[in-house]
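Enquirer: Got a predicted structure here, sequence first:
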Amino acid sequence: MKAKDRVKSQDKHILNLAHIVGGARSILYLKEDLVAYDCDGFTIHKHLPKAVVFPKNTQEVAEIVKYCSKNELPFLARGAGTGLSGGAIPLNGEIIISMVRMKKLISVDLENRRAVVEPGFVNLKLTNSISDKGYYYAPDPSSQYCCTIGGNVAENAGGAHCLKYGVTTNHILGLEVVMPNGEIVEIGKDGIPDAPGYDLLGLITGSEGTLGIVTKITVRVLKNPEGKQTVLAYFDRVEDGSQAVSDIISAGIVPAALEMMDKTAIEGVEAAAFPVGHPKDIEAVLLIEVDGIAAGIQEQIDQILEVCRKRNVREVRAAGSEEERARWWANRKTGFGAMGAISPDYLVQDGVIPRSRLPEVLSRINQISSESGLRIANIFHAGDGNLHPLVLFDARIPGESEKALEAGSQCLKVCADVGGTITGEHGVGIEKREEMRFVFTEEEIAAQTDVREVFNPHNLLNAGKLFPSPGRCAEVKKEMKAQAIS
Amino acid sequence: MITAESLSALKTYLREDQIVQSKDSSPFGNSGNMAVFPETEEEIAAVLKYANSNDLTINIMGGGTKRGFGGLTEKADILLSLDKYTGIVEHTPGDMTLTVKAGSRFKDLQDYLAQHNQKISLDPYWPENATIGGIIAANESGPKRLGYGSARDAVIGLRTVYPDGKVIRSGGRVVKNVAGYDMNKLFIGAMGTLGVISEITLKLRPVPKCESLVLVSFPKGNLEKIKAFGVKVLDSMIEPVSLELLNPALSDKLAGINTYTIAMSLEDVESSVRYQEEFVRNMMPGDAELLIYPKDKADLFWDRFYTHTPNGLDRELPIQTEGSIKIGTINLEAVSVLKDTELLQDRFNVKIESHGGLGHGLSQVTIRGAESDVANATAHVRDIAEKTGGYAVVTHLPFELRKKFDVWGNKPSYFFLLQGIKAKVDPNKTLSPNRFIGGI
C-alpha cells in the first residue's frame, strides 16, 4: 500500500470504513478536515462528524451502511451541503456518507423523456447536458449551479419555475435506494409510472434523508418551451400588487414564474451586485414570466398588462430583449444574498400561504418587525404562495441572533395560522422541528414517525431531524434506550 | 361476523336509515354483509373504531365504478359507503384550490368548477359515477395525464381516517409544502387499505380558453411509422395535452375511424391551438389522415372515451365477460403493447379495445368475450407487459375470475416495506382486506 493510502488512525471503525472505500483518499477523520462538515447551509447549529467517507458506487454505500448498522454507528448522507434547514448536520457525531464522487450522468433517453443520474450529479449540469437537443430538467432551486440532484430528492427542492412545472417530486420517476439495513431496493424500475403498491417514490422524495440513501435517480426531462416573455410591474400599494397576482391567475393564465419583492427587499437588491433601477419608493415589484407556444405568448402578455393597469400599476412593461430579461432575473435570483448589502446578517424563512391572504400576512409580518425592532424583507414566489421573509440582524449585537430566530419563527406561525405551512422548499431539518407543531398534531407527527420506523427502525440514519423532540412518550423512551446502549 | 350486538352498537353512532341490512350483492365482490352510510367524518371514525376494536372488517365504496378492481373479499362485515358524504368544504377561486368531501361525484365537481372557469386536472373513467375519493384511492388517470399530471400532482392535502378512528391530516391547503413526510403520497393509490380518505384538497387548473381535438389516423396501420410520428411530436415544440394511441376498434367506436389513430388534445389560447393544428397538418406523414374536432365535438368524443370501459357499478354481469387491464411501460413501449395485444383477438376469439399514452407509458386494454377466453387473453396481456419490462394490473374483472387470477402480479422486491406500512397503520387488517398487492 502506498503511504498516502494509509490511514493513520487507531480507531477500528475508521480503519474498517477506510477499507470499504479503498483507503485514505476516500475518508476524512482528522479534526481539521472534519470542521468543513460540521454544518450545511444552516450555520446556527454545528457538530463534528466522526468521519466523512466518499463511496464511488452503490455497493460501497451499501457496505458502509451495513457496517454502521451492525456497529450501531449513526450515519447520514450529504450532497453539496447547500441545504438551508440543517438536514445534513451530524448532530449525533454521524459518519457522513458524502455522495459527491457518485456524480455520473448514467444515461439520457430523450425519446422517452428521461435521464438517469447518480445522486452527486449537479442539478444545472443536467440541463446543460441536454440543452443542445432542446431539453431541460425543470426543478431549478437558486443553488442549482452547485446543489446535487440527490440532495434535491432528499429535500423535494423547488425553484422559481415550479409554479407551472412543479417541484422535484413531480419529476422523479425512479430511485435506487440503500435502506438503513444496507439492502438495495429499486423503486419505479426504468422510470415506469405507477408501480403497483404504495407510492414509495413519493414518500422517500422529501424525507430529508431519514428513510434511506438514494444512489440512483431516474428523472423526467422536458422539452424547452418554444417562446418565453417576462413582464415587470411596479405597484405603489402591496394590496394592488397582490390583487394583480390573483387576477392573473383567475384570468386563466398559468405563468411559468410569478415573483414579488417588497420595499425592503428592493432596497437590498438595488444596493447589491445586480441593480436594475427599481424605484425606491414603490411597495411591490412583480416579475411575471409566461412560456409556451410562441404564437400564444403575446395574447397572454397583453392580458397581464391589462390586469396590472386595472390594479393601479405605476409602471408595467415587457422585457425588450433577452439581455433585459436576464438582468431582471439576476436581480431577483440573487435576492437572498443581496440582503448582505444592507445588513450584516440575515435569516431566511420559508413559509407558504394561500396567495389571497398576502396583504394580511404582510401586515402581520410588519408588526413582528416593529415589535422585534428588526427589519424584515419579503421575497415571495407569489404564484404558489411561497413567502421568504428575510429577517435582517447583526449577530455582533448580543441577543440579536436569538431575536431574529424568534421573529422568523413568529413569521412561520402567521403563515400556519392563515392556513399555510412552515416550509415550501427548504425543508424542516433541525431548524423548524419545533415549528412542525404549528401545523401537525402529536398524533399526526406520530403517524409520520411510524412510517420512519418501517424504513429506519433503529433510527441510526439521520436521527434528530424533521420531528420535534421529544415527540411523545414512546419517542422519549426510545431515546433513553438508545442512550443506555451507547 | 356482524351480530345483533354489533348492530345495536352501530346504531348508537348512526341513525337507523344510515344502516342497510339487506345483503348488498355485486358480481364484483368488495361488498359487505351490511352497508353503512355515514354523513360526517365523526361517523366514519366511529364506525372504523368500532370495527377495528371488535374484529370486524370493512370494505369502502365510493361510486362503485371500481368494484371489479382488486379484492378477494366478496363480503366484508361492513360495507362503508361514502355516497352520503358529499359536498364542497371550501373553494377559494383566487387560490385555485378546492377542498371536498370524498363521496362527491367527479362530474358534479367539474360542473361546479366550470362556473369559475376552473377544473380538476384529472380525467377518469365514468366521471358521472366515480367519486373523487375513489379516483384518488385508486390513483386513476387518463390520457390528459401527459399535459396535466396525475393524482399525485393534483392532490395537495388529505384528511384520512385511520382504522382506530384517528383523523390524520397530510399536506395542507397550499400548493407547495415540504413540512414533514409527504404522507399524501402514501394514501393515493392505496386502495383504501390504510385509511378512509375523508377530505381531499386539490390544486386546480384554469379551463383552457380554447380547445380542439386533433385525430391523426393511419390507414396502413404501420406501427413503426406511428411511433416515429409520436417521437416527432414529442420532440417538437407543440404541447399536446394528450398523445394517445387508440386501436382500430376503439377508434371506430369513438370517431368512426377503423384504423390506429392518435388523439391529441390541444388546450391553450386560441392563437396557440390554431398554430399547433397547422403544425400537425404539415408534419404528419403523407398517408395519414387528419380530422380536427372543435370543442363541442371533442367533448362528445371524450364523453364516449370515458365510458368505453366496463363499470363495476353494474348489478349484473353482461352476457360477455369483460376485463380491463392497466399496463405500465416505458413511454414509447405503449405502441408495442397495443400492437401485441391486438393479436390476442384472433387467438382467443375476444374483442379488444385499447389505448396507450406515448408520452406517459400507461395503456389500458379492455377485453370482451367468453369467460375462459377473457381469462386466457388477460394472462397473455401480462406476459406482453412483462416482456417489455413493464407491469400489468387488472382493473376490472368479475369476482369469480379474480379468485383464479392474481390481478396485481408479482410482488416487488421491496414488498416488506409495503407490508411494514400496512402493519403499522392497520395492524388488525380491518380495512379493505386483501384488496391490494400481495394480499395487503
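Expert: Structure's in. What do you need?
Enquirer: OK, contacts around the closest residue to A:Lys403 other than its chain neighbours?
Expert: Counting by C-beta to C-beta, 6 or more residues apart in numbering or on different chains, A:Lys403 lies nearest to A:Ser372, which is 5.5 Å off, once chain neighbours are set aside. All C-beta atoms are positioned from the backbone trio N, CA, C, and that covers glycine. Residues near A:Ser372 by C-beta atoms under 8 Å, 6 or more residues apart in numbering or on different chains: A:403-404, A:406-407, A:410.
Enquirer: Same question for A:Asn224.
Expert: By C-beta under 8 Å, 6+ apart, the neighbours of A:Asn224 are A:131, A:134-136, B:237.
Enquirer: pLDDT-wise, which helix or strand of chain A ranks last?
Expert: helix A:473-485 (a mean of 42; mean pLDDT, DSSP states H and E).
Enquirer: For the residue nearest to A:Lys403, what are phi and psi?
Expert: Main-chain dihedrals, A:Ser372, degrees, to the nearest 10: phi -90, psi -10.
Enquirer: separation between it and A:Arg396?
Expert: 17 Å (C-beta to C-beta, to the nearest Å).
Enquirer: And for B:Leu223?
Expert: Taking C-beta to C-beta, one finds B:Leu223 at 71 Å from A:Arg396.
Enquirer: Tell me where chain A is predicted with low confidence.
Expert: A:1-3, A:470-486 (pLDDT under 70).
Enquirer: How is it partitioned into domains?
Expert: The record's domain parsing of chain A by automatic domain parsing lists A:3-98, A:105-223, A:227-417, A:440-485.
Enquirer: Out of those, indicate the one that is most buried.
Expert: The highest mean neighbour count among the domains of chain A, using mean count of other C-beta atoms under 10 Å in any protein chain shown, belongs to domain A:105-223: a mean of 22.
Enquirer: Report the closest residue of the stretch 101-250 of chain B relative to chain A.
Expert: For the stretch 101-250 of chain B and chain A, the shortest gap (C-beta to the nearest C-beta) falls at B:Lys185, measuring 2.8 Å.
Enquirer: who's B:Thr131 bridged to?
Expert: Beta bridges link B:Thr131 to B:Arg105, judged by DSSP bridges.
Enquirer: Which residues are in contact with it?
Expert: Counting by C-beta under 8 Å, 6+ apart, B:Thr131 makes contact with B:62-63, B:82, B:86, B:102-106.
Enquirer: Out of those residues, which is nearest to B:Asn331?
Expert: Nearest to B:Asn331 among the contacts of B:Thr131: B:Phe106, at 26.2 Å, using C-beta to C-beta.
Enquirer: All the strands of the stretch 151-300 of chain B, in order from the start?
Expert: Along the stretch 151-300 of chain B, counting by DSSP state E, counting those that start in this stretch, strands occupy B:155-161, B:167-171, B:196-206, B:210-218, B:244-246, B:260-268, B:289-294.
Enquirer: Quick one: list the elements packing against the fifth one.
Expert: Judged by 3 or more C-beta pairs under 8 Å, 6 or more residues apart in numbering or on different chains; DSSP states H and E, strand B:244-246 is in contact with strand B:260-268, helix B:333-342, strand B:351-357.
Enquirer: can you tell which of those is closest to A:Leu73?
Expert: helix B:333-342 (43.7 Å).
Enquirer: Going by contacts, tell me the helices and strands next to whatever helix or strand comes next after the closest one.
Expert: Per DSSP states H and E, the first helix or strand lying C-terminal to helix B:333-342 is helix B:344-348. Counting contacts by 3+ C-beta pairs under 8 Å, 6+ apart, helix B:344-348 is packed against strand B:351-357, helix B:371-387.
Enquirer: Report the buried residues of helix B:344-348.
Expert: B:344-345, B:348 (16 or more other C-beta atoms under 10 Å in any protein chain shown).
Enquirer: just curious, which of those is nearest to A:Ala62?
Expert: Within the buried residues of helix B:344-348, the smallest distance to A:Ala62 is 41.7 Å, found for B:Leu344 (C-beta to C-beta).
Enquirer: so who does the spatially closest residue to the closest one that is not a sequence neighbour touch?
Expert: Excluding the flanking residues, the one nearest B:Leu344 by C-beta to C-beta, 6+ apart is B:Ala377, at 4.6 Å. Each residue near B:Ala377 by C-beta under 8 Å, 6+ apart is listed here: B:323, B:344, B:347-348, B:350, B:352, B:367, B:369.
Enquirer: Chain B contacts on the stretch 251-400 of chain A?
Expert: By C-beta under 8 Å from any C-beta of the partner chain, the residues of the stretch 251-400 of chain A that approach chain B are A:251-254, A:292-296, A:298-300, A:352-356, A:381, A:384-386.
Enquirer: can you rerun that using 7 Å?
Expert: By C-beta under 7 Å from any C-beta of the partner chain, the residues of the stretch 251-400 of chain A that approach chain B are A:252, A:254, A:292-293, A:295-296, A:299-300, A:352-356, A:384-386.
Enquirer: how deep is B:Thr309 tucked in, by neighbour count?
Expert: Using other C-beta atoms under 10 Å in any protein chain shown, B:Thr309 has 19 other residues around it.
Enquirer: Please tell me I have it right and it contacts B:Thr366.
Expert: Yes - assessed by C-beta atoms under 7 Å, B:Thr309 is found in contact with B:Thr366 at 5.3 Å.
Enquirer: so what sits against both of those two?
Expert: B:Ser324 (C-beta atoms under 7 Å, 6 or more residues apart in numbering or on different chains).
Enquirer: Return the alpha-carbon coordinates of stretch B:353-363 using CSV.
Expert: Listed next in CSV are the C-alpha coordinates belonging to stretch B:353-363 (Å, rounded to 0.1, in the frame of the first residue of the first chain):
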residue,chain,number,x,y,z
GLU,B,353,-60.4,-2.0,-27.2
SER,B,354,-57.1,-0.5,-26.2
HIS,B,355,-55.4,2.9,-25.9
GLY,B,356,-51.9,3.9,-24.7
GLY,B,357,-50.2,7.2,-23.9
LEU,B,358,-47.0,7.7,-25.9
GLY,B,359,-45.9,10.4,-23.6
HIS,B,360,-46.6,8.7,-20.3
GLY,B,361,-46.3,5.0,-20.8
LEU,B,362,-49.7,3.9,-19.5
SER,B,363,-52.0,1.8,-21.6
